[in-house]
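A.B. asks: What would the 3D arrangement of this be:
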Amino acid sequence: MDRNLDADFEHAPADLWVFGYGSLIWRPGFSFAERVPGHMIGVHRALCIYSFDHRGTPERPGLVLGLDRGGACRGIAYRVPAKDRAATIRYLREREQTTAVYREEVRMAWLQGPQERHVDALCYVADRGHPQYAGKLTIDQQLHNVRQGHGRSGNNRDYVLETVSALEKLGIVDHELHVLAERLKGTGEPIPAAQPS
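C.D. replies: As a prediction, the model looks like this:
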(Lines give C-alpha, C1' and ligand atoms only; values in the text may rest on other atoms or scores of the structure.)
Protein backbone atom coordinates (compact mmCIF):
# COMPACT_ATOMS: atom_id res chain seq x y z
CA MET A 1 0.00 0.00 0.00
CA ASP A 2 1.28 3.46 -0.89
CA ARG A 3 1.77 5.44 2.30
CA ASN A 4 2.94 8.63 0.58
CA LEU A 5 0.97 11.55 -0.78
CA ASP A 6 0.62 11.86 -4.54
CA ALA A 7 2.90 13.56 -7.06
CA ASP A 8 0.63 16.63 -7.22
CA PHE A 9 1.46 17.29 -3.57
CA GLU A 10 5.19 16.89 -4.17
CA HIS A 11 5.21 19.36 -7.07
CA ALA A 12 2.67 21.94 -5.81
CA PRO A 13 3.91 25.51 -6.51
CA ALA A 14 3.85 26.66 -2.88
CA ASP A 15 6.08 26.70 0.16
CA LEU A 16 6.07 23.48 2.17
CA TRP A 17 5.60 23.25 5.92
CA VAL A 18 7.10 20.24 7.71
CA PHE A 19 6.31 19.35 11.35
CA GLY A 20 9.15 17.84 13.36
CA TYR A 21 8.51 16.10 16.69
CA GLY A 22 11.62 13.91 17.16
CA SER A 23 14.98 13.87 15.40
CA LEU A 24 13.77 16.46 12.87
CA ILE A 25 13.90 18.96 15.74
CA TRP A 26 17.65 18.54 16.23
CA ARG A 27 18.71 17.24 12.80
CA PRO A 28 16.31 18.36 10.08
CA GLY A 29 18.75 17.60 7.25
CA PHE A 30 17.10 20.01 4.77
CA SER A 31 17.23 23.75 4.12
CA PHE A 32 14.40 25.92 5.42
CA ALA A 33 13.41 29.58 5.43
CA GLU A 34 11.61 29.60 8.78
CA ARG A 35 11.68 27.51 11.97
CA VAL A 36 8.76 28.07 14.34
CA PRO A 37 7.65 26.27 17.52
CA GLY A 38 4.18 24.87 17.09
CA HIS A 39 1.80 22.10 18.01
CA MET A 40 -0.64 19.63 16.54
CA ILE A 41 -3.88 18.44 18.09
CA GLY A 42 -5.16 14.89 17.75
CA VAL A 43 -1.76 13.18 17.79
CA HIS A 44 0.97 12.79 20.40
CA ARG A 45 4.68 11.94 20.35
CA ALA A 46 5.29 8.30 21.33
CA LEU A 47 8.22 5.90 21.29
CA CYS A 48 6.00 3.43 19.44
CA ILE A 49 7.96 2.28 16.39
CA TYR A 50 10.39 -0.64 16.34
CA SER A 51 13.44 0.49 14.38
CA PHE A 52 14.85 -2.11 11.99
CA ASP A 53 17.09 0.35 10.14
CA HIS A 54 18.23 3.70 11.55
CA ARG A 55 18.45 2.72 15.24
CA GLY A 56 18.20 -1.07 15.25
CA THR A 57 17.95 -4.21 13.16
CA PRO A 58 15.20 -6.82 12.73
CA GLU A 59 17.16 -9.11 15.06
CA ARG A 60 17.77 -6.40 17.68
CA PRO A 61 15.17 -3.68 17.14
CA GLY A 62 15.52 -0.26 18.65
CA LEU A 63 12.68 2.21 19.23
CA VAL A 64 11.97 5.49 17.49
CA LEU A 65 9.27 8.10 17.76
CA GLY A 66 6.05 8.35 15.83
CA LEU A 67 2.97 10.51 16.01
CA ASP A 68 0.27 8.29 17.48
CA ARG A 69 -3.48 8.86 17.85
CA GLY A 70 -4.87 11.16 20.51
CA GLY A 71 -3.69 14.07 22.61
CA ALA A 72 -1.46 16.88 21.38
CA CYS A 73 2.17 17.30 20.37
CA ARG A 74 4.51 20.28 20.60
CA GLY A 75 7.39 20.46 18.15
CA ILE A 76 8.90 22.56 15.37
CA ALA A 77 7.37 23.62 12.06
CA TYR A 78 9.75 24.37 9.20
CA ARG A 79 8.85 26.43 6.15
CA VAL A 80 10.64 25.23 3.02
CA PRO A 81 10.67 27.53 -0.03
CA ALA A 82 8.65 26.28 -3.00
CA LYS A 83 11.82 25.83 -5.10
CA ASP A 84 13.08 23.24 -2.58
CA ARG A 85 9.73 21.53 -2.03
CA ALA A 86 10.14 18.44 -4.24
CA ALA A 87 13.74 17.81 -3.15
CA THR A 88 12.78 18.12 0.54
CA ILE A 89 9.88 15.69 0.20
CA ARG A 90 12.13 13.20 -1.60
CA TYR A 91 14.74 13.55 1.16
CA LEU A 92 12.13 13.02 3.90
CA ARG A 93 10.73 9.94 2.16
CA GLU A 94 14.21 8.43 1.87
CA ARG A 95 14.84 9.18 5.55
CA GLU A 96 11.48 8.36 7.13
CA GLN A 97 10.02 5.69 4.87
CA THR A 98 12.83 3.12 4.56
CA THR A 99 10.41 0.45 5.85
CA ALA A 100 7.12 2.32 5.16
CA VAL A 101 6.19 2.33 8.86
CA TYR A 102 4.70 5.85 8.73
CA ARG A 103 1.73 7.35 6.96
CA GLU A 104 2.71 10.55 5.22
CA GLU A 105 -0.02 13.05 6.12
CA VAL A 106 -0.77 16.74 5.93
CA ARG A 107 -2.25 17.98 9.19
CA MET A 108 -2.95 21.38 10.71
CA ALA A 109 -0.12 22.78 12.84
CA TRP A 110 -0.62 25.79 15.09
CA LEU A 111 2.40 28.10 15.12
CA GLN A 112 3.54 30.14 18.10
CA GLY A 113 3.92 33.87 17.69
CA PRO A 114 2.35 37.22 18.51
CA GLN A 115 -0.59 36.25 16.31
CA GLU A 116 -1.22 32.52 16.42
CA ARG A 117 -1.60 31.12 12.94
CA HIS A 118 -2.09 27.67 11.51
CA VAL A 119 -0.60 25.97 8.48
CA ASP A 120 -1.02 22.64 6.74
CA ALA A 121 2.16 20.71 7.53
CA LEU A 122 3.63 17.48 6.26
CA CYS A 123 4.19 14.97 9.07
CA TYR A 124 4.86 11.29 9.60
CA VAL A 125 2.21 9.42 11.58
CA ALA A 126 2.63 5.89 12.97
CA ASP A 127 0.86 3.23 10.92
CA ARG A 128 -0.82 1.10 13.57
CA GLY A 129 -1.26 -1.74 11.09
CA HIS A 130 2.45 -2.05 10.32
CA PRO A 131 4.43 -4.94 11.91
CA GLN A 132 6.91 -2.40 13.34
CA TYR A 133 4.22 -0.57 15.31
CA ALA A 134 5.13 -1.29 18.95
CA GLY A 135 2.14 0.34 20.62
CA LYS A 136 2.39 1.37 24.25
CA LEU A 137 5.37 -0.30 25.89
CA THR A 138 6.34 -0.16 29.56
CA ILE A 139 9.40 1.87 30.53
CA ASP A 140 11.29 -1.40 31.14
CA GLN A 141 10.43 -2.65 27.65
CA GLN A 142 11.47 0.68 26.14
CA LEU A 143 14.72 0.61 28.10
CA HIS A 144 15.54 -2.91 26.85
CA ASN A 145 15.00 -2.00 23.19
CA VAL A 146 16.80 1.34 23.38
CA ARG A 147 19.82 -0.20 25.11
CA GLN A 148 20.14 -2.95 22.49
CA GLY A 149 19.33 -0.81 19.45
CA HIS A 150 22.05 0.19 17.00
CA GLY A 151 21.50 0.88 13.30
CA ARG A 152 22.97 2.76 10.38
CA SER A 153 22.28 6.16 12.03
CA GLY A 154 23.94 5.16 15.31
CA ASN A 155 22.88 3.84 18.67
CA ASN A 156 19.37 4.19 19.99
CA ARG A 157 20.48 5.66 23.33
CA ASP A 158 21.93 8.74 21.62
CA TYR A 159 18.71 9.23 19.63
CA VAL A 160 16.62 9.34 22.84
CA LEU A 161 19.06 11.58 24.73
CA GLU A 162 19.45 14.02 21.80
CA THR A 163 15.68 14.26 21.45
CA VAL A 164 15.14 14.91 25.16
CA SER A 165 17.87 17.56 25.14
CA ALA A 166 16.27 19.28 22.13
CA LEU A 167 12.84 19.20 23.78
CA GLU A 168 14.27 20.71 26.98
CA LYS A 169 15.78 23.58 24.98
CA LEU A 170 12.28 24.29 23.67
CA GLY A 171 10.81 24.17 27.18
CA ILE A 172 8.94 20.94 26.39
CA VAL A 173 8.68 18.21 29.01
CA ASP A 174 7.66 14.83 27.67
CA HIS A 175 7.41 12.96 30.97
CA GLU A 176 7.87 9.38 29.71
CA LEU A 177 10.81 10.29 27.49
CA HIS A 178 12.43 12.17 30.37
CA VAL A 179 12.03 9.19 32.69
CA LEU A 180 13.56 6.93 30.05
CA ALA A 181 16.45 9.36 29.48
CA GLU A 182 17.28 9.49 33.19
CA ARG A 183 17.28 5.69 33.37
CA LEU A 184 19.53 5.51 30.32
CA LYS A 185 21.92 7.95 31.99
CA GLY A 186 21.65 6.00 35.25
CA THR A 187 20.89 9.11 37.29
CA GLY A 188 18.31 9.70 39.95
CA GLU A 189 17.69 13.30 38.96
CA PRO A 190 14.13 14.54 39.49
CA ILE A 191 11.93 14.61 36.42
CA PRO A 192 10.13 17.89 35.66
CA ALA A 193 6.36 17.89 36.07
CA ALA A 194 4.49 16.49 33.08
CA GLN A 195 3.27 18.94 30.44
CA PRO A 196 1.53 18.38 27.12
CA SER A 197 4.09 17.08 24.67
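
A.B. asks: From now on I want contacts and neighbour counts done on CA atoms only, so please keep to that.
C.D. replies: Will do.

A.B. asks: Contacts only, for the spatially most central residue of the chain.
C.D. replies: Geometric centre of the chain, nearest residue: Gly22, 3.4 Å, by C-alpha atoms, centre = their mean. Shown in contact with Gly22 (C-alpha atoms under 8 Å, 6 or more residues apart in numbering): 45, 65-66, 75, 163.

A.B. asks: Asp127 too?
C.D. replies: By C-alpha under 8 Å, 6+ apart, the neighbours of Asp127 are 101-103, 133.

A.B. asks: and with 6 Å instead?
C.D. replies: When contacts are counted by C-alpha atoms under 6 Å, 6 or more residues apart in numbering, Asp127 touches 101-103.

A.B. asks: Going along the chain, name the helices of this protein.
C.D. replies: Taking DSSP state H, the helices of the chain run over residues 7-10, 23-26, 85-96, 139-148, 156-169, 175-185.

A.B. asks: Just name the shakiest helix or strand of the chain by mean pLDDT.
C.D. replies: Taking mean pLDDT, DSSP states H and E as the measure, helix 7-10 is the helix or strand of the chain with the lowest mean score, a mean of 88.

A.B. asks: Can you mark which positions in that helix are buried?
C.D. replies: Buried residues in helix 7-10, counted by 16 or more other C-alpha atoms under 10 Å: Glu10.

A.B. asks: In this structure, where is pLDDT below threshold?
C.D. replies: 1-3, 187-197 (pLDDT under 70).

A.B. asks: Let me see the ranges of the strands in it.
C.D. replies: Taking DSSP state E, the strands of the chain run over residues 16-20, 34-51, 62-80, 102-111, 117-126, 150-151, 154-155.

A.B. asks: mind putting the ones you listed in CSV, mean neighbour count included?
C.D. replies: Shown next, in CSV, are the strands of the chain (neighbours: other C-alpha atoms under 10 Å):
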stretch, mean neighbour count
strand 16-20, 26
strand 34-51, 21
strand 62-80, 23
strand 102-111, 20
strand 117-126, 20
strand 150-151, 22
strand 154-155, 16
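
A.B. asks: Quick one, which of these gets closest to Glu176.
C.D. replies: Taking C-alpha to C-alpha, strand 34-51 is the member of those nearest to Glu176, at 8.8 Å.

A.B. asks: angle of that closest one against strand 62-80?
C.D. replies: Strand 34-51 and strand 62-80 are oriented at 160 degrees to each other (axes from the mean of the first three to the mean of the last three C-alpha atoms, to 10 degrees).

A.B. asks: what helices or strands is strand 34-51 leaning on?
C.D. replies: The contact analysis (3 or more C-alpha pairs under 6 Å, 6 or more residues apart in numbering; DSSP states H and E) places strand 34-51 against strand 62-80, strand 102-111.
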